Structure formats: C-alpha cells, structure tokens
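Novice: need a structure here:
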Amino acid sequence: MPRSLGVASPTLLLLLAACATTESGWTGTGAEPFDQAYADCQGRTSALGGREERRFAIDTCMANKGWTRPKR
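Specialist: The predicted structure is shown next:
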C-alpha cells in the first residue's frame, strides 16, 4: 500500500464518521445524538398548536443541535 493511502484512509474515515445521518434523512456533522436531540426538540415544541409552526420550531431546535432536515 502506498504511504499516502495509509495516511489518507484514517483521515477519510474520520471525516465520514463525523457526518451522521438517520433513516428519516436528517443529516448532521458533529451533531448531538439524533434520538436525544429529536426527543428534546419534540418536548420543547409540544405546546405549539399549528403544524407548520411546530415544524419550523423543531427544525430550528434541531439546527441548534447540529441537524438539518432533508429538502422535500
């Protein structure tokens, strides 16, 4: 194995490990664990009435925790 590949491989693996994803499509780099972040954001926004208002609040909360919702 060439020396440059031996050095690049651990670096590449580290970069890939830092980028997390979930089944629902949320992505996060250096983010708080997804289940923990999502549960906290749902709890913080549970009193909001409107669907769009709550979705915006959850997206904002999740962004503060390092997560981005997929574009639809």
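Novice: make it CA atoms for all contacts and neighbour counts henceforth
Specialist: Noted.
Novice: strands of the protein, start to end?
Specialist: Secondary structure of the chain (DSSP state E): strands at 19-21, 27-29, 67-68.
Novice: other SSEs contacting the last one?
Specialist: Right, strand 67-68. strand 27-29 (3 or more CA pairs under 8 Å, 6 or more residues apart in numbering; DSSP states H and E).
Novice: each with direction, which strands does the strand it packs on pair with?
Specialist: Strand 27-29 has the following sheet partners, assigned by DSSP bridges: strand 19-21 (antiparallel), strand 67-68 (antiparallel).
Novice: what sits up against the shortest one?
Specialist: Contacts to strand 67-68, defined as CA atoms under 8 Å, 6 or more residues apart in numbering, come from residues 26-29, 31, 34, 59, 62.
Novice: now, the most widely separated pair of those residues?
Specialist: Within the contacts of strand 67-68, 29 and 59 form the most distant pair, 15.4 Å apart (CA to CA).
Novice: tell me where the protein has helices.
Specialist: Under the criterion DSSP state H, the chain contains helices at 3-18, 34-45, 51-64.
Novice: what is the burial count for residue 61?
Specialist: Residue 61 has 20 neighbours, counted by other CA atoms under 10 Å.
Novice: can you check the pLDDT for it?
Specialist: If you check residue 61, the pLDDT there is 97.
Novice: also the one 4 residues further on?
Specialist: Residue 65 carries a pLDDT score of 96 in this model.
Novice: lovely, talk soon.
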